[in-house]
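A.B. asks: next one to model:
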Amino acid sequence: MARDQIDMTPLQSRDELVAWIEAGVKPESEFRIGTEHEKTPFTLEGHQPVPYEGAKGIGALLEGMKLLLGWEPIMERGNIIGLYDVTGGGAISLEPGGQFELSGAPVETVHQTQSELMAHLAQVREVATPLGIGFLGLGMTPSWSRAQIPVMPKGRYKIMRNYMPKVGKYGLDMMFRTCTVQTNLDFSSEADMVKKLRVSLALQPIATALFANSPFTEGKPNGFLSFRSEIWRDTDNARSGMIPFAFEDGMGYERYVDYALDVPMYFVKRGEEYIDVAGSSFRDFFAGKNAAFPGERPTLSDWANHLSTIFPEVRLKRYLEMRGADGVPWGRLPALPAFWVGLLYDNDSLDAAWDIVRHWTAPERQALRDDVPRFGFKSRIKDRYLFEIAKECLVLSHAGLRRRGRIDHLGRDESRFLEPLERIIETGRSPAEEMLEKFNGPWKGSVEPAYQEYAF
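C.D. replies: Purely as a prediction, here's the structure:
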């Protein structure tokens, strides 16, 4: 999550909400790739969660990164909670349980994503290693209970923490125990947005299967390949899921705005203060009927912040966010943007991908989404295994990246970043299945080796 937006102009009409999203439209020549990834900090000694406070805490880690990078600190009530790169546009932020997130700058190629990632890892290691902190690249913490995990000092998380148990079984697990990698991509028009949204929503389960990487809870197999993905099925269904309306006639910015107006809010931010309005709708706020702000209208900042608290499998802001993948070790991170760029930024691949999914019904898409956390590639839709569809999509992505023809200094195009996924398809096993084999074999029933093998 990037930092909360600041624009205090009161809103007058629904058209302004639509215009805010529409302002994201870019010509193809200006399309960019943004990659965000979360990783779990742990103590190198003992593999425990890292608290915020103290000489070897997360706060100290952020202070060290600030000194090293010269980025602007993001402060809340005297605590450093993130960093922002004023020149490049990247940011470092904290998830509720201390998960350390890099929100990458908007870049032109996956090669640049890779360079940004390597630089970030070198910088983080330089600061973290002397503090005795390592980072784990899994979709969920494999050994800790929820109660063990420290809480970061961010006002919005306190509000979410109180509200989550009222609306789903796993909201607190989502907040404190999961990590994701996501990629953010542009659109050139409303029609282009709708097409990319539909294709990426329908195919999000493929990313979930390819990146499935969270088979352990509190030291034992949990029966899933991506328990992180399962968690999202019962976190808060009013703000997550497969948004079936996106496939209906008349889909566009307005339809998404109408959906967002009715998604329950979490908070309104005034200055440094987070005011708890959890459960109330933006629509009522818009009509001047929010109990905390009687007669007051929301601002553009309130709208931007609200859109960042909606969690469907693909989220629309001023770009599209792919949200289906587990966090993975660093060598596999660039594969996610590469996969989606090859499918969505090449028109031939996008058309071919649409041909694959266009005849799927909403119940079929939902059933696939429901099955994939447990069954991965063995999930089915109509009469096909997800594995076959994943294989087909990888071929399309590969072709799309080759046609894009963005070459690095060694003459290689971006398709090379798909290699980890091609290996997964060759073996027919998701990362989680590979990890379960290790657990039952060389790891001798312990998840502790993950802290070496899956560390950054």
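
A.B. asks: which parts of the stretch 101-250 of the chain are helices?
C.D. replies: 110-128, 155-167, 171-177, 190-210, 227-233 (DSSP state H, counting those that start in this stretch).

A.B. asks: name the element Gly82 belongs to?
C.D. replies: According to DSSP states H and E, Gly82 maps onto strand 79-84.

A.B. asks: could you point out the helix or strand that follows that strand?
C.D. replies: strand 91-94.

A.B. asks: tell me the contacts of the residue located most distally from the centre of the chain?
C.D. replies: No residue in the chain sits farther from the centre than Gly295, which is 35.3 Å out by Cα atoms, centre = their mean. Listed by Cβ atoms under 8 Å, 6 or more residues apart in numbering, the contact partners of Gly295 are Gly288. (Each C-beta comes from the backbone N, C-alpha and C, glycine too.)

A.B. asks: quick one on the thing from earlier: nearest to Ile425, out of the helices of the stretch 101-250 of the chain?
C.D. replies: helix 190-210 (8.2 Å; Cβ to Cβ).

A.B. asks: got the contact list for the residue nearest to Asp173 when sequence neighbours are not counted?
C.D. replies: Nearest residue to Asp173 in three dimensions, chain neighbours excluded: Ile231, at 5.1 Å (Cβ to Cβ, 6 or more residues apart in numbering). Going by Cβ under 8 Å, 6+ apart, Ile231 touches 140, 170, 173-174, 177-178.

A.B. asks: so can I have CSV of those showing distance to Gly252, neighbour count and pLDDT?
C.D. replies: Output for these, formatted as CSV (distance: Cβ to Cβ, whole Å; neighbours: other Cβ atoms under 10 Å; pLDDT from 0 to 100):
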residue, distance to Gly252, neighbour count, pLDDT
Met140, 35, 27, 98
Tyr170, 32, 20, 97
Asp173, 34, 24, 97
Met174, 29, 24, 97
Arg177, 36, 29, 97
Thr178, 31, 28, 98
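
A.B. asks: ok, those vs Tyr259, which is closest?
C.D. replies: Looking across the contacts of Ile231 and measuring by Cβ to Cβ, the closest to Tyr259 is Met174, at 20.4 Å.

A.B. asks: the closest one contacts Arg233, doesn't it?
C.D. replies: No. Using Cβ atoms under 8 Å, Met174 is not in contact with Arg233, being 10.4 Å away.

A.B. asks: residues touching Glu321, list them.
C.D. replies: 182-184, 314-315.

A.B. asks: can you list the strands that the helix or strand harbouring it pairs with?
C.D. replies: Assigned by DSSP H and E, Glu321 falls within strand 320-326. Counting by DSSP bridges, the strands paired with strand 320-326 are strand 180-185 (antiparallel), strand 314-316 (antiparallel).

A.B. asks: quick revisit: which two of the contacts of Ile231 have the greatest separation?
C.D. replies: Met140 and Tyr170 (10.7 Å).

A.B. asks: quick one: low-confidence ranges for the stretch 1-150 of the chain?
C.D. replies: 1-6 (pLDDT under 70).

A.B. asks: strands of that one, start to end?
C.D. replies: 33-43, 72-76, 79-84, 91-94, 100-103, 133-136 (DSSP state E, counting those that start in this stretch).

A.B. asks: for the last one, packing partners?
C.D. replies: Contact partners of strand 133-136 among helices and strands, from 3 or more Cβ pairs under 8 Å, 6 or more residues apart in numbering; DSSP states H and E: strand 33-43, helix 110-128, helix 450-453.

A.B. asks: mind redoing it with 7 Å?
C.D. replies: On a contact count with 3 or more Cβ pairs under 7 Å, 6 or more residues apart in numbering; DSSP states H and E, strand 133-136 meets strand 33-43, helix 450-453.

A.B. asks: show me the contact partners of that strand.
C.D. replies: Strand 133-136 is contacted from outside by 39-44, 50, 61, 100, 450-451, 454-456, using Cβ atoms under 7 Å, 6 or more residues apart in numbering.

A.B. asks: just the buried subset of those, please.
C.D. replies: Among the contacts of strand 133-136, those buried by neighbour count (16 or more other Cβ atoms under 10 Å) are 39-43, 50, 61, 100, 450-451, 454-456.

A.B. asks: returning to that earlier point: same list (the helices of the stretch 101-250 of the chain) but as a markdown table, adding distance to Leu368.
C.D. replies: A markdown table is the format used below for the helices of the stretch 101-250 of the chain (distance: least, Cβ to Cβ, whole Å):
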| stretch | distance to Leu368 |
| --- | --- |
| helix 110-128 | 27 |
| helix 155-167 | 24 |
| helix 171-177 | 21 |
| helix 190-210 | 5 |
| helix 227-233 | 12 |
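
A.B. asks: can you map out the strands along the stretch 301-450 of the chain?
C.D. replies: 311-312, 314-316, 320-326, 380-381, 384-385.

A.B. asks: the third one vs strand 33-43, what angle?
C.D. replies: Right, the one you point to is strand 320-326. Interaxial angle of strand 320-326 relative to strand 33-43 (axes from the mean of the first three to the mean of the last three Cα atoms, to 10 degrees): 40 degrees.

A.B. asks: so for strand 320-326, mean pLDDT?
C.D. replies: Mean per-residue pLDDT for strand 320-326: 98.

A.B. asks: and it with helix 190-210, angle?
C.D. replies: Going by the same axes, to 10 degrees, strand 320-326 makes 10 degrees with helix 190-210.

A.B. asks: can you give me the offset of strand 320-326 from its chain's centre?
C.D. replies: When distances are taken as Cα atoms, centre = their mean, to the nearest Å, strand 320-326 is centred 5 Å away from the chain's centroid.
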